[in-house]
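Visitor: heads up, no residue letters with this:
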Ligand SMILES: NC(=O)C1=CN([C@@H]2O[C@H](COP(=O)(O)OP(=O)(O)OC[C@H]3O[C@@H](n4cnc5c(N)ncnc54)[C@H](OP(=O)(O)O)[C@@H]3O)[C@@H](O)[C@H]2O)C=CC1
Ligand SMILES: CCCCCCCCCCCCCCCC(=O)[C@@H](N)CO
């Protein structure tokens, strides 16, 4: 009897240890460290919100050379002044629309070899597809998805042929709405889900060049963009988005660099985001054997949690539907 108990306890301890050991052997790509000090960080959408917080943090905390790109020159100059005031560092600014490949290419070439590319520009115009003009749909797909292709395509040759052989990073700004479809976000969610396919495939293609892809999934984040969006949000969009706690741009920027520095493919930003990352892990690359262990052991439970969230959301949707009948 005592033997059986001992064997049971041994199994209980040994099984997780064996699983962890196995995962440590097979996780790919291998763990990496991406240094930021004195390196060149190029941020699109760097004149406002999350992008601006990233630019400040890259300059101040990470001691990096910073370039930012956005459309409005006024906002870029304002951003450059605020970064100079706060850190003493002079950021390079580039006025270009990510939808214009030639303009992006010109900016990227002028900026010089990039070590950390953060593709962060994005727009969000919420609304039911029925009430949304196709021009608005196209606008979101063009800026958020095609624009990201333009930026990566423009920067990749320089990143691949860099003389500095240290590992480099391409980070794409998705959203929790790029992990789960949300009412009022048909176009926005589609554009952000698109980034995931792009990121997974791109990581296959650039790993041999020691280029590491990260996909950032912030929840609602206090930014000028969100303030603007809030004016137009259908109530159901707000209700569902409130399932995940709101964050400040600086907090998201911190999570972002923490993830980039260790080459994490998924970069969740809050607790709900951590659950979402497990529930939606799918076939995403995973370098951390510990996180792989968490995924393997908790995915079923997270699926259950996800079904409860959907139960709750569909309840809200039904309530609104009957009210508006
Ligand atoms: N705030 C939030 O709640 C969340 C945001 N995100 C994502 O984070 C990213 C940043 O969002 P946030 O900081 O809120 O946005 P903001 O609206 O505050 O800032 C957007 C930035 O992108 C630039 N930009 C917009 N369109 C273009 C374009 N066509 N070409 C070049 N630059 C452009 C803007 O400058 P300009 O207008 O001068 O071009 C600005 O610098 C987006 O991708 C968004 O989808 C994800 C989850 C939550
Ligand atoms: C295991 C299951 C866990 C479930 C947690 C559920 C949380 C999902 C909430 C979705 C939030 C969408 C926010 C979009 C933010 C955004 O991108 C806009 N502000 C536009 O910028």
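Guide: Thanks, I have the structure now. These numbers come from a predicted model, not from an experiment. Ligands and ions are numbered 1, 2, ... in the order given.
Visitor: any idea which element residue 42 lies in?
Guide: strand 40-44 (DSSP states H and E).
Visitor: so where do the strands sit in the protein?
Guide: For the chain, applying DSSP state E gives strands covering 40-44, 65-70, 92-95, 116-119, 168-173, 211-217, 221-222, 247-248, 266-268.
Visitor: redo the ones you listed as CSV? Include mean neighbour count, distance to ligand 1 and mean pLDDT.
Guide: In short, each C-beta sits where N, CA and C put it, glycine included. Output for the strands of the chain, formatted as CSV (neighbours: other C-beta atoms under 10 Å; distance: least, C-beta to the nearest ligand atom, whole Å; pLDDT from 0 to 100):
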stretch, mean neighbour count, distance to ligand 1, mean pLDDT
strand 40-44, 27, 6, 98
strand 65-70, 25, 3, 98
strand 92-95, 19, 8, 98
strand 116-119, 28, 8, 98
strand 168-173, 26, 4, 98
strand 211-217, 26, 7, 98
strand 221-222, 18, 4, 98
strand 247-248, 17, 8, 98
strand 266-268, 25, 12, 98
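Visitor: would TSV of those with distance to residue 76 be doable?
Guide: Shown next, in TSV, are those (distance: least, C-beta to C-beta, whole Å):
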stretch	distance to residue 76
strand 40-44	11
strand 65-70	6
strand 92-95	4
strand 116-119	16
strand 168-173	18
strand 211-217	22
strand 221-222	21
strand 247-248	22
strand 266-268	26
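Visitor: show me the contact partners of stretch 287-294.
Guide: Applying C-beta atoms under 8 Å, 6 or more residues apart in numbering, the contact partners of stretch 287-294 are 16, 19-20, 23-24, 27-32, 262-265, 278, 286.
Visitor: drop anything exposed from those.
Guide: 23, 27, 29, 32, 263-265, 278, 286 (16 or more other C-beta atoms under 10 Å).
Visitor: contact partners of the strand holding residue 42?
Guide: Residues outside strand 40-44 that contact it (C-beta under 8 Å, 6+ apart) are 51, 54-55, 58, 62, 64-70, 98, 108, 111-121, 147, 151, 155.
Visitor: so in that sheet, which strands flank that strand, and in what orientation?
Guide: Strand 40-44 sits in its sheet next to strand 65-70 (parallel), strand 116-119 (parallel), going by DSSP bridges.
Visitor: just want the angle from it to strand 168-173.
Guide: Angle between the axes of strand 40-44 and strand 168-173 is 20 degrees (criterion: axes from the mean of the first three to the mean of the last three C-alpha atoms, to 10 degrees).
Visitor: how much space between the residue of the stretch 151-300 of the chain found nearest ligand 1 and residue 174?
Guide: Among the residues of the stretch 151-300 of the chain, residue 225 lies nearest to ligand 1; the distance is 2.4 Å by C-beta to the nearest ligand atom. According to C-beta to C-beta, to the nearest Å, residue 225 and residue 174 sit 15 Å apart.
Visitor: please tell me how far the nearest residue in space to residue 86 that is not next to it in sequence sits from residue 46.
Guide: Excluding its sequence neighbours, the residue lying closest to residue 86 (C-beta to C-beta, 6 or more residues apart in numbering) is residue 56, at 6.0 Å. For residue 56, the distance to residue 46 equals 10 Å [C-beta to C-beta].
Visitor: for those two, indicate the residue with more neighbours.
Guide: Using other C-beta atoms under 10 Å, the more surrounded residue of residue 56 and residue 46 is residue 46, with 32 against 22.
Visitor: for the residue of the stretch 101-250 of the chain found nearest ligand 1, which non-adjacent residue is closest in space?
Guide: Here the stretch 101-250 of the chain gets closest to ligand 1 at one residue, residue 122, 2.0 Å apart by C-beta to the nearest ligand atom. Leaving aside its chain neighbours, residue 122 sits nearest to residue 144 (5.0 Å; criterion: C-beta to C-beta, 6+ apart).
Visitor: next: residue 61.
Guide: residue 257 (7.5 Å).
Visitor: and for residue 219?
Guide: Nearest residue to residue 219, sequence neighbours excluded (C-beta to C-beta, 6+ apart): residue 244, at 3.8 Å.
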